[in-house]
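# Model the following, please.
(one chain, ligands or ions: 1)
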Amino acid sequence: MRLILLGPPGAGKGTQAKLLKEKYGIPQISTGDILRKAVKDQTAVGIEVQAFMQAGNLVPDELVINLIKERIKEGDCSGGFILDGFPRTQIQAAKLTETLGTMGIEIDAVVEFSVDNKALVDRLTGRWTCTECGEMFHESARKSRVDGICDHCGGALFQRDDDKRETIINRLEIYKQETQPLIKYYKQQGRLKTVEGQGDVHEVFSQVCSLIT
Ligand SMILES: [Zn+2]
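Numbers count the residues shown, from 1 in each chain. Sure, this is the predicted structure:
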């Protein structure tokens, strides 16, 4: 089972990846992790990657794909894998298809976690953090007893930039622009499986399983 997972931040992709990993006994390949590992191990590619990161530049697709290719060659991927965080653009997807093709490998399914943007924004933006002790509260899920004041230490609550409505809306918009062509690409290949990401974790998971098997 070779899978690619797609979904905006907060769509529950991470949880589903974990469940898939357990059920099918296949590893999750996170591009963030393999990049960090290559840098840490100071492999030839890792040293190159580090130079791009230190300069504040994006790591070129070729290097990322190279690392993915090496990772897939490892024994634990013989029964399949879950690719998470890559590809993000249609160009990356086409390059990935090509590289996997040279290895005689095809992706079985691309699972897209679709979510209603408004619900996602509401869920992601309600978080408030204590300036003193770092405790977190949520406007609907976990309200502080007094608005703007920490239950534990009486410190003032503030909203981190990452938790602000405009930041989240902006991030989701970028995600949408980037992935729309990617989703179309996999749809044309007949590999796209779209799942409604909201709702009960186990219900979503059984939907995913029925779509990929
Ligand atoms: Zn506090």
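# For the rest of this, base every contact and every neighbour count on C-alpha atoms.
Noted.
# what's the average pLDDT for whichever helix or strand E178 is part of?
Using DSSP states H and E, E178 sits within helix 165-188. Throughout helix 165-188, pLDDT has a mean value of 89.
# Which strands and helices lie in contact with that helix?
Other helices and strands packing on helix 165-188, by 3 or more CA pairs under 8 Å, 6 or more residues apart in numbering; DSSP states H and E, are helix 90-102, helix 117-125.
# Tell me the buried residues in the shortest one?
What it means is helix 117-125. Neighbour-count burial for helix 117-125, counted by 16 or more other CA atoms under 10 Å, picks out L120, V121, R123, L124, T125.
# Contacts only, for the residue positioned nearest the centre of the chain.
Centroid-nearest residue in the chain, with CA atoms, centre = their mean: G85, separated by 4.7 Å. Applying CA atoms under 8 Å, 6 or more residues apart in numbering to G85 gives the contacts L5, L6, S30, T31, G32.
# can I assume the third one is in contact with P87?
No - S30 sits out of contact with P87 when judged by CA atoms under 8 Å, with a separation of 10.8 Å.
# Which SSE is immediately downstream of the lowest-mean-pLDDT helix or strand in the chain?
One helix or strand of the chain scores below all others by mean pLDDT, DSSP states H and E: helix 117-125, with a mean of 80. Where DSSP H and E defines the elements, the next helix or strand beyond helix 117-125 is strand 127-130.
# what packs against that next one?
Against strand 127-130 (3+ CA pairs under 8 Å, 6+ apart) you get strand 136-138, strand 157-158.
# hmm, who's touching the helix or strand Q207 falls within?
Q207 is part of helix 201-212, with elements assigned from DSSP H and E. Contacts to helix 201-212, defined as CA under 8 Å, 6+ apart, come from residues T15, Q16, L19, D108, A109, V111, K193, V195, E196, G197, Q198.
# can you tell me which residues contact the first one?
Listed by CA under 8 Å, 6+ apart, the contact set of T15 reads V201.
# Can we start the residue count at 47 from this point?
Done: numbering now begins at 47, and the last item shifts to T61.
# Does it belong to a helix, a strand or coil?
Using DSSP: H, G, I helix; E, B strand; the rest coil, the structure places T61 in helix.
# Pull up the residues of this structure that are close to the ion.
Counting by CA under 5 Å from the ion, the residues of the chain lying close to the ion are C176, E178, C179, C196, C199, G201.
# Can you tell me which of the contacts of G131 is closest to the ion?
G78 (31.9 Å; CA to the ion).
# Let me see the backbone angles for that closest one.
As for G78, its main-chain torsions (degrees, to the nearest 10) stand at phi -60, psi -50.
# what's the burial count for it?
By other CA atoms under 10 Å, 12 other residues sit near G78.
# now it: how far from P133?
12 Å (CA to CA, to the nearest Å).
# From the centre of the chain, give me the residue that's furthest out.
Distance to centre of the chain, CA atoms, centre = their mean, peaks at G200 (35.4 Å).
# Secondary structure class of that residue, three-state.
Looking at G200 with three-state DSSP, the answer is coil.
# closest one to Y231 among the helices and strands packed on helix 211-234?
helix 136-148 (6.7 Å; CA to CA).
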